[in-house]
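# Sequence and predicted structure below; questions after.
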Amino acid sequence: MTMKQSSNVVSLSGGKDSTAMLLMLLERGESVADVVFFDTGWEFPAMYEHLEKLEAFTGLKITRLHPRMPVDVETDKSPFDWLFSEVPVRRRGNGEIHMIGRLWPNAAVRWCTGRKRDALNAHHLALTHRQNITPPLRQCIGFAADERHRLDGSIQRNSAYCVQRYPLMEWGITEADALNYCYRRGFTWGGLYHFFSRVSCFCCPLQPLDELRTLRRHFPDLWRRMLVMESWLPENKRRFKDSSVSALDARFAAEEDV
C-alpha cells in the first residue's frame, strides 16, 4: 500500500460510522495512507470477522494497535484485563499506591479511551517519520452529521503533524445513513446492530441497561466473562453503573421469572 500521495489516516473503531467513512473515502477516489484499529481485547467476536471482511473488500491492511504492557509484568491476563484488575494505581503528587486495578470505566474516568488515544497519537507521530508521508496527517474520525454535539466543548487535538477531519460531517451522512450504506455493501457484523446501538467493547458500563439485558440473554458467554472479570475485583470495588454485574445478573434473572 503506497502512502506517497495521501495524508488521510482512518481511525477505525470497526462500527458502522467509521466503516462507512472508510468505504466512502475510497468510493470518492480519496487515497488512504493508513487504517488504524485499536484492539482492546474486549471486542465482540463478530468484530474481528468484520475487520477481516473489510480488509478483503478494500484490499487495505488494517494496522492493529494493542495496549502496551510493562516488560517486567508476569500475568496470564491480556493487557486491558491487567489494567482493569491488577495494575498498581498511584496517587498524583506522592506516588503512593492507593488501589490495585483501574476498575470498571465510567463517564468521569474513561481510562480505556485514554489508552486508545495515546496509542493512536504515538502511531500518527511515527507515521510522519516514514518516507513518503507528508505531514500534517489528517486523522479521519467517524462522527456522523447528527453527532455534532460530540464536538461541543471537546479539545481539537491538532498539531503540526496531525489535524482532525470529520468526513461524514462534511458529507452530511447521518448514523442511519451510515448503517444502511454498510448493509447495502454486505457488512452486517453478524447482526450485532439488531441488538445494540453501539458495537464497541461488549463489557462497556456506558451502554444502556436494556442493552445489558440483551447481552445477558443473547450473548451468555460474554456475560459470563463479565462475571468472571468482576470476581477479580475486591467486593467493595465492583461498582458497575449503579450496582455490580452480579447484582444486575440477579435482577435480570428475577425479571425473567416474573
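Sure thing, it's come through.
# Please name the residues that touch the closest residue to Ser18 other than its chain neighbours.
Counting by Cβ to Cβ, 6 or more residues apart in numbering, Gly142 is the residue found nearest to Ser18 once chain neighbours are left out, at 3.5 Å. All C-beta spots, glycine's among them, are computed from the backbone N, C-alpha and C. Residues near Gly142 by Cβ atoms under 8 Å, 6 or more residues apart in numbering: 11-13, 15, 17-21, 166-168, 178.
# In three-state terms, label Gly142 for me.
Look at Gly142: counting by DSSP: H, G, I helix; E, B strand; the rest coil, its state is coil.
# close enough to count as contact, Asp249 and Leu227?
Yes - Asp249 is within contact range of Leu227, at 6.5 Å (criterion: Cβ atoms under 8 Å).
# more crowded one of these two?
The neighbour comparison of Asp249 against Leu227 (other Cβ atoms under 10 Å) goes to Asp249, with 17 against 14.
# so where does that one fall, helix or strand?
If you go by DSSP states H and E, Asp249 is part of helix 245-257.
# which strands and helices sit next to the host helix or strand of Gln139?
Using DSSP H and E, Gln139 sits in strand 137-140. Contact here means 3 or more Cβ pairs under 8 Å, 6 or more residues apart in numbering; DSSP states H and E; on that basis strand 137-140 packs against strand 8-11, helix 16-27, helix 111-128, strand 162-165.
# so what strands line up beside the worst-scoring helix or strand of the chain on mean pLDDT?
Ranked by mean pLDDT, DSSP states H and E, the weakest helix or strand in the chain is strand 97-100, scoring a mean of 86. Its sheet considered, strand 97-100 pairs with strand 88-90 (antiparallel) by DSSP bridges.
# May I see the helices and strands packed on strand 137-140 arranged in JSON lines, with mean neighbour count and distance to Ala253 as well?
Formatted as JSON lines, these follow (neighbours: other Cβ atoms under 10 Å; distance: least, Cβ to Cβ, whole Å):
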{"stretch": "strand 8-11", "mean neighbour count": "24", "distance to Ala253": "39"}
{"stretch": "helix 16-27", "mean neighbour count": "22", "distance to Ala253": "32"}
{"stretch": "helix 111-128", "mean neighbour count": "16", "distance to Ala253": "28"}
{"stretch": "strand 162-165", "mean neighbour count": "18", "distance to Ala253": "44"}
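# Let me know which of the ones you listed is the nearest to Trp223.
helix 111-128 (19.0 Å; Cβ to Cβ).
# looking only at pLDDT, what's the mean for that closest one?
The pLDDT scores in helix 111-128 average 91.
# Can you check what pLDDT the model gives the residue nearest to Tyr193 when sequence neighbours are not counted?
Excluding its sequence neighbours, the residue lying closest to Tyr193 (Cβ to Cβ, 6+ apart) is Leu179, at 6.2 Å. Looking at Leu179, its pLDDT is 98.
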